[in-house]
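**Q** have a look; sequence and predicted model below, questions after that.
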Amino acid sequence: MPELPEVETTVRGLERVLKGRKLVRVEPRRPDLRRALPPDLGQRLTGARVTDLGRRAKYGTISTDRGDTLVFHLGMSGKWRIDPAELDKHDHFVIETDEGRRLALNDARRFGSLDLVPTDELAAWPAFAALGPEPMDLTARELQRKLAGRNAAIKLLLLDQSIVAGLGNIYVCEALYRAGIHPRRPGGSVSLARLERLVVAIKEVLAEAIEAGGSTLRDYAAPNGELGYFSKAFAVYDREGKPCSCGGTVKRIVQGGRSTFYCPRCQR
DNA sequence: AGATATTCCTGGAGGC
DNA sequence: TGCCTCCAGGAATATC
């Protein structure tokens, strides 16, 4: 269930193993994840040297000296396993470096994706071109402009990657809680002052999550490759019926087919 | 154009 | 214990 902080943590972990390394073996172990993999993926990556790693929204990028960038999305269950003792049935893509390190992209539910894009065309790549600003670059003014006239619930609009790119269900719930905004409030009805609070809340909750991820990088790099969510207790997410610090009770509703958790006393 | 529903997939949880 | 249903998640796609 990786959102932006988990992808950021993943990229930082991969960077330590991959940056500057040559890929001596590249093995797609099935032809597709969510979509078909590029048929020449193995051929185009084998023998290439990794120059850079990066992140855009919830996508990770691995660029090579051949002018290609491998773009991965972890979907909901994806994770990279570092030096797994043995491969399991959900290790769908495996690469090996000239130092003998092995990385396996494991994705039980296969909602993830792998694409190979010319590095100089990345910004124009359709999936990237459709993305809104990175949350860390977001301003209240810009958010206000994007929400103007929109009647849909603020919760749903914040999940729209063209409005702001990288937020998922968990951090949207947490950010709205911190900003004191009711998840059902129409997007266009949130005042600039409250959007200011919201933008600060988004940046803070993501920064804290990345910080927590950084502190668990050791675990991430362990043979089992597990990468947990920001494991500090969430204030509202998955806490239906439990107490809020205000004395109220966390409530769960369904919006757009997915759960929203919020405190009816704190969020208006 | 905006809003809403559906689709992909598997494992884990809970009910009986 | 086993079988069934339901649910979680992100984003593309379809339909109103």
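**A** It's in.
**Q** C-alpha only now, for contacts and for neighbours.
**A** Noted.
**Q** what residues does stretch A:60-70 touch?
**A** A:7-8, A:11, A:45, A:48-55, A:71-73, A:114-120, A:122 (Cα atoms under 8 Å, 6 or more residues apart in numbering).
**Q** that one: end-to-end distance?
**A** Chord length of stretch A:60-70, first to last residue, is 8 Å (Cα to Cα, to the nearest Å).
**Q** I'd like the average pLDDT over it.
**A** Average pLDDT, stretch A:60-70: 96.
**Q** check stretch A:88-104 too.
**A** 95.
**Q** name the SS class of the closest residue to DNA strand B within chain A, please.
**A** Closest residue of chain A to DNA strand B, Cα to the nearest atom of the strand: A:Asn151 (3.6 Å). For A:Asn151, the assignment made with DSSP: H, G, I helix; E, B strand; the rest coil gives coil.
**Q** now stretch A:189-207: average pLDDT?
**A** Mean predicted confidence for stretch A:189-207 is 95.
**Q** please work out which residues outside it touch it.
**A** Residues contacting stretch A:189-207 (Cα under 8 Å, 6+ apart): A:4-5, A:135-136, A:138-141, A:143-144, A:151, A:171-172, A:174-176, A:178-179, A:181.
**Q** got a ChimeraX select line for the buried ones in those residues?
**A** In ChimeraX, this line selects whichever of the contacts of stretch A:189-207 come out buried by 16 or more other Cα atoms under 10 Å:
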select /A:4,5,135,136,138,140,143,144,171,172,174,175,176,178,179,181
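**Q** doesn't A:Gly188 make contact with the residue of chain A closest to DNA strand B?
**A** Yes: if you go by Cα atoms under 8 Å, A:Asn151 and A:Gly188 touch, sitting 6.1 Å apart.
**Q** quick check: residues of the stretch 1-150 of chain A near DNA strand B?
**A** A:Arg34, A:Ala108, A:Arg109, A:Arg110, A:Phe111, A:Arg150 (Cα under 7 Å from any atom of the strand).
**Q** contacts only, for the last one.
**A** Meaning A:Arg150. Contacts for A:Arg150 (Cα under 8 Å, 6+ apart) come out as A:Pro186, A:Gly187, A:Gly188.
**Q** just give me the closest of the residues you listed to A:Leu159.
**A** A:Gly187 (11.8 Å; Cα to Cα).
**Q** residues contacting that closest one?
**A** A:Leu147, A:Ala148, A:Gly149, A:Arg150, A:Asn151, A:Ala152, A:Ala153, A:Ile154, A:Leu157.
**Q** of those, just say which sits nearest to DNA strand C.
**A** So of those, ranked by how close each gets to DNA strand C (Cα to the nearest atom of the strand), first place is A:Leu157, at 11.7 Å.
**Q** ok, residues contacting the helix or strand that contains that closest one?
**A** Assigned by DSSP states H and E, A:Leu157 belongs to helix A:154-159. Residues from elsewhere that reach helix A:154-159 (Cα under 8 Å, 6+ apart): A:147, A:163-164, A:167-169, A:172-173, A:176, A:183-187, A:255-256.
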